[in-house]
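Enquirer: Just the structure for this:
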Amino acid sequence: MIDFLYTLDVAIFHFINVGLSSAVGDLFWPVVTDYDKTLAGRIVIVAIWLWLVIKGGKRGRTVAFLVIVVIVCSDQFSSFVVKPVFARLRPCHIVDGVPAVADVHLLVGCGGGKAFPSSHAVNNFAAATLFALYYRRWKYAFFGWATLIALSRVFVGVHYPSDILGGAVIGSLVAWLVVIGWRELTRRWIPRCVVDTVEQHAR
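Expert: Numbers count the residues shown, from 1 in each chain. Predicted coordinates:
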């Protein structure tokens, strides 16, 4: 069963990474996958965070605080707990001169990190889940963006489909747990006039 699932994983990887590759995609996907490392991307991220704090009201301040907590928790859990347990090689890794997967269409540096789960998928789905809980009208946009980032990791050749699927699940669960913990904290210790809770946006 494990061999079958791995074979299927590689087949889907090849279909996306090689079969769906194009000249336009070769320019597009590297930019998307590392949007947070570009100057423009960082300016947009900081601008959104500042808007939440300054103009977002009680809900915005709550999300601005929680997004930091969520990203730190999701990233640390992914990088220092899950990845060492699975210790999975990336499809672009080469061991003793033998590639983990043949004919990878690699568009960015492979990196030395482990494959499962994709930290990009973990962190972006964690943020998307948080924002979707507080701004439900825009939930499809948030998850659409997270999905685009996750898929980019397969298109650029550094992660298997199962890496991004697992990352999406882990990131979403971490965000849920943080929000549940925040809800309990606010119920007991923090005045509602200071922070916002998910229940207020349930409708």
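
Enquirer: helices or strands up against the longest helix along the chain?
Expert: Assignment by DSSP state H gives helix 161-188 as the longest helix of the chain. With contacts defined as 3 or more Cβ pairs under 8 Å, 6 or more residues apart in numbering; DSSP states H and E, helix 161-188 has these neighbours: helix 2-14, helix 57-77, helix 119-134, helix 139-155. In this view, the C-beta of every residue, glycine as well, is placed from N, C-alpha and C.

Enquirer: Quick check: which ranges of the protein have low pLDDT?
Expert: 189-203 (pLDDT under 70).

Enquirer: just how off-centre is the longest helix of the chain within its chain?
Expert: A distance of 12 Å separates the centroid of the chain from that of helix 161-188, by Cα atoms, centre = their mean, to the nearest Å.

Enquirer: Can you give me the buried ones in that helix?
Expert: Neighbour-count burial for helix 161-188, with 16 or more other Cβ atoms under 10 Å as criterion, is recorded at 161-168, 170-176, 178-179, 182, 186.

Enquirer: again with stretch 79-96
Expert: Of all the residues in stretch 79-96, those buried under the rule 16+ other Cβ under 10 Å are Ser79, Val82, Lys83, Arg88, Leu89, Arg90, Pro91, Cys92, His93.

Enquirer: same deal with stretch 136-146?
Expert: Neighbour count says stretch 136-146 has Phe142, Phe143, Trp145, Ala146 buried, by 16+ other Cβ under 10 Å.

Enquirer: Dump these to JSON lines, plus distance to Val108.
Expert: Output for the buried residues of stretch 136-146, formatted as JSON lines (distance: Cβ to Cβ, whole Å):
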{"residue": "Phe142", "distance to Val108": "24"}
{"residue": "Phe143", "distance to Val108": "24"}
{"residue": "Trp145", "distance to Val108": "19"}
{"residue": "Ala146", "distance to Val108": "19"}
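
Enquirer: Identify, from those, the entry nearest to Gly97.
Expert: Of all those, Gly97 sits closest to Ala146, with 36.1 Å by Cβ to Cβ.

Enquirer: pretty sure that closest one contacts Ala121?
Expert: Yes - between Ala146 and Ala121 there is a contact under Cβ atoms under 8 Å: 7.5 Å.

Enquirer: Please identify every residue contacting each of those two.
Expert: Shared contacts of Ala146 and Ala121, defined by Cβ atoms under 8 Å, 6 or more residues apart in numbering, comprise Ala168, Gly171.

Enquirer: follow-up on the earlier one: which of the buried residues of stretch 79-96 fall in helices?
Expert: Using DSSP H to define helices, the subset of these located there is Lys83.

Enquirer: Burial check on Val10, number of neighbours?
Expert: Val10 has 18 neighbours, counted by other Cβ atoms under 10 Å.
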